[in-house]
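Colleague: Need coordinates for the below:
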Amino acid sequence: MTTTDERGSPALIECEAAARALYDYLDGRLPMATEASVYWHIETCRNCASHFAFARRVLDLVPSAVPLAGEAHALRARIVESLKVEGYAER
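Modeller: So this is what the prediction gives:
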């Protein structure tokens, strides 16, 4: 994919190329020129902009959906204790 035009400006990219770069763009893992091309595509393509906004929102929500390590350990301890009370042995 060409990322700059002959003047060094961000190259225009197609929706398919923008979609392939979606998560790398949101994670900040693209080379600067490619990031600029994706940015300008999102700014000018309403359809892709809505997809990128949705993906960004999902990524923003993921940390709140994952239990904290301490909570996971506490849950496991409660389950193991309940199983012991019922006569099951921990492996």
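Colleague: Please count neighbours and contacts with C-alpha atoms only from this point.
Modeller: Noted.
Colleague: And the host helix or strand of Cys48, what does it pack against?
Modeller: Using DSSP states H and E, the element containing Cys48 is helix 46-65. Packed against helix 46-65 by the contact rule (3 or more Cα pairs under 8 Å, 6 or more residues apart in numbering; DSSP states H and E) you find helix 15-20, helix 22-26, helix 32-44.
Colleague: three-state assignment of Leu30?
Modeller: Following DSSP: H, G, I helix; E, B strand; the rest coil, we place Leu30 in the coil state.
Colleague: so it sits right up against Arg20, yeah?
Modeller: No - assessed by Cα atoms under 8 Å, Leu30 is found out of contact with Arg20, at 11.5 Å.
Colleague: Give me the more crowded residue out of these two.
Modeller: Using other Cα atoms under 10 Å, the more surrounded residue of Leu30 and Arg20 is Leu30, with 16 against 10.
Colleague: measure the residue nearest to the spatial centre of the chain to Glu16 for me?
Modeller: The centre of the chain sits closest to Leu59, judged by Cα atoms, centre = their mean, with a distance of 4.4 Å. As for Leu59, its distance to Glu16 is 20 Å (criterion: Cα to Cα, to the nearest Å).
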